[in-house]
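# Build me a model:
(one chain, ligands or ions: 1)
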Amino acid sequence: MKINNNFNNIQESYLFSTIARKTNEFKTAHPDVNVIRLGIGDVTKPLCSQVIKELHSAVDDMSRAESFRGYGPEQGYDFLKEELVKYYAKKKVSLDNNEIFISDGAKSDIGNILDLFDKDNVVLIPDPVYPVYVDTNTMAGRKILFMDANGENGFLPVPDDSVKADIIYLCSPNNPTGAVYDYEKLKMWVDYANKNDAVILFDAAYECFVEGDDLPTSIYQIEGAKSCAIEFCSFSKTAGFTGTRCGYTVVPFDIVKEDTSLNKMWLRRQTTKFNGVPYIVQKGAAAVFSDEGQNEIKEAIVYYKENAKIMADALDKLGISYTGGKNSPYIWLKCPNGMSSWEFFDFMLEKANVVGTPGAGFGKNGEGYFRLTAFNNRENTIEAMERITKAINSL
Ligand code: PLP
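Numbers count the residues shown, from 1 in each chain. The predicted structure follows:
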């Protein structure tokens, strides 16, 4: 018996465990201090009332033989996929029901999609990055090339024709940098992928934070994307489903590689290895698209975005540069006075009693940067920014 030794190549993630250890040590030494967490990547607002109502009613369905549901379609119920088709139509993207696959969240699908690709592919991943892209490919023993996302390119790298990649990861709005691709830059990626016979794996988990029509919220708003891009999305940040678990992946019929439809491959993969998302959860997710549901989830998103604005305004006043905060729940700031990410973490914890996430934990280009999130409540966000302002002004 041989284990998959690629697991030995995955870097141990010390980021969140080190944050927790340092925070706990500080709290033990200063039990009376109220430490505010602006590092959380999880939502804090509860599910909206429309979703709760539908969840209850779906539970009742399960109690009656005539409405009970057992195994459902592995790729999701039509009632939810039809809502998504309409949602995409509003973005002027036309999808077929069977191009949409309901999942238990974007993370699983982002990992599982790799079943479709040979080990012998060159993978291109931005740095800094959501660590799942790197770790899932490392587990599979794939070669990874990194592309620099940095201050010079506004954390939005564009294709380099001298680099030959087969699988490209893009995340917009980005975690951790909050940067958002515009139509022009995304078109460069779509053109590159079509020219090089590559596939783009587009992570749109934060699309609901984009304001107005000036920026794309789906890669399919770019001409040519349907023949090269798979899109992952989620109800996690859109509607607070981080604990309820529901997401979706779009695999267009037009992506055909080596005479094989990736849509057919993904359907085969899902029907073999996945038995679907619970009926109850899918009913709750469908309620997000009712008029009341849309109003309620938008209210929560506006709330988080107002937090982000409070944070951004405070940084503007301090003259600290950052990306994100406008079309994203994340703010990615340059640590002041040339501090490293961890030096700034310690400074924030000790002087402002605020916890954030050191950028260095997301890749080498994250060094010297720091991530704040808008998911705390209003009161804590205001207080945290007051404390940060005072601490930085004292430098
Ligand atoms: N993609 C990105 C960029 C994320 O930041 C996250 C969660 O934080 C996910 C995907 C995972 O989302 P889900 O909860 O749907 O698995």
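# From here on, just use CA atoms for contacts and neighbour counts.
OK.
# In the stretch 201-350 of the chain, what residue comes closest to the ligand?
S234 (4.4 Å; Cα to the nearest ligand atom).
# Identify the residue nearest that residue in space, chain neighbours excluded?
The shortest distance from S234 to any non-neighbouring residue, by Cα to Cα, 6 or more residues apart in numbering, is to G247 (3.8 Å).
# With K53 instead?
Nearest non-adjacent residue to K53, counting by Cα to Cα, 6+ apart: G284, 8.0 Å away.
# With N4 instead?
For N4, the closest residue by Cα to Cα, 6+ apart turns out to be M139, at 7.7 Å.
# wait, isn't that neighbour in contact with F7?
Yes. If you go by Cα atoms under 8 Å, M139 and F7 touch, sitting 5.3 Å apart.
# Which pLDDT does the model give G368?
pLDDT, G368: 98.
# brain fart, D259
97.
# Check S13 too.
79.
# T244 contacts I280, correct?
No. Taking contacts as Cα under 8 Å, T244 lies outside contact range of I280: 10.0 Å.
# Can you show me the helices along the chain?
Using DSSP state H, the helices of the chain run over residues 15-29, 49-61, 78-90, 106-112, 132-139, 183-196, 236-239, 262-273, 279-287, 291-318, 341-347, 378-393.
# interface residues of the chain facing the ligand?
G41, G105, A106, K107, Y130, N175, D203, A205, S234, S236, T242, G247 (Cα under 6 Å from any ligand atom).
# 8 Å instead?
41-42, 104-108, 110, 130, 171, 174-176, 203-206, 232-237, 241-243, 245-247 (Cα under 8 Å from any ligand atom).
# dump the residue contacts of Y220.
V93, K226, A229 (Cα atoms under 8 Å, 6 or more residues apart in numbering).
# filter the residues you listed to the buried ones?
Neighbour counting over those (16 or more other Cα atoms under 10 Å) leaves V93, K226, A229 as the buried ones.
# Format these as a markdown table; extra columns: distance to K298 and pLDDT.
Below are those laid out as a markdown table (distance: Cα to Cα, whole Å; pLDDT from 0 to 100):
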| residue | distance to K298 | pLDDT |
| --- | --- | --- |
| V93 | 21 | 98 |
| K226 | 28 | 98 |
| A229 | 27 | 98 |
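# With distance to T389 as extra columns, can I get those in CSV?
CSV is the format used below for those (distance: Cα to Cα, whole Å):
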residue, distance to T389
V93, 43
K226, 46
A229, 42
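# List just the nearest of those residues to G319.
Nearest to G319 among the buried ones among the contacts of Y220 is A229, at 38.5 Å by Cα to Cα.
# what's the neighbour count on the residue nearest to K53?
26 (other Cα atoms under 10 Å).
# what's near enough to touch it?
By Cα under 8 Å, 6+ apart, the neighbours of G284 are Q50, V51, I52, K53, E54, L55, A58.
# For the residues you listed, which entry has the maximal number of neighbours?
Neighbour-wise, the contacts of G284 (other Cα under 10 Å) top out at V51, 26 neighbours.
# Look up how far S321 lies from G154.
11 Å (Cα to Cα, to the nearest Å).
# correction: R64
Taken as Cα to Cα, the span from R64 to S321 is 58 Å.
# quick one, which of the two is more surrounded?
S321 (15 against 10).
# that older thread, what sits against the residue nearest to S234?
Here G247 is in contact with I102, S103, D104, G105, A106, F232, C233, S234, F235, S236 (criterion: Cα under 8 Å, 6+ apart).
# Could you give the bridge partners of it?
S103, S234 (DSSP bridges).
# Tell me, how many residues neighbour S394?
8.
# Assess the claim that N327 and Y181 are in contact.
No. Contact criterion Cα under 8 Å: N327 and Y181 do not qualify, at 10.6 Å.
# so what sits against both of the two?
Common neighbours of N327 and Y181, using Cα under 8 Å, 6+ apart, are P173.
# can you pull the buried residues of stretch 364-374?
N365, G366, E367, G368, Y369, F370, R371, L372, T373, A374.
# Also stretch 353-363?
N353, V354, V355, G356, T357, P358, G359, A360, G361, F362, G363.
# How about the second one, nearest residue that isn't a chain neighbour?
Leaving out its chain neighbours, the residue that sits closest to V354 by Cα to Cα, 6+ apart is I36, at 4.8 Å.
# what about that neighbour, distance to the ligand?
20 Å (Cα to the nearest ligand atom, to the nearest Å).
# With pLDDT and distance to P31 added, can I get the contacts of G284 in TSV?
As requested, the contacts of G284 are exported to TSV (pLDDT from 0 to 100; distance: Cα to Cα, whole Å):
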residue	pLDDT	distance to P31
Q50	98	40
V51	98	39
I52	98	37
K53	98	41
E54	98	42
L55	98	40
A58	98	45
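# Looking at these, which is nearest the ligand?
V51 (16.8 Å).
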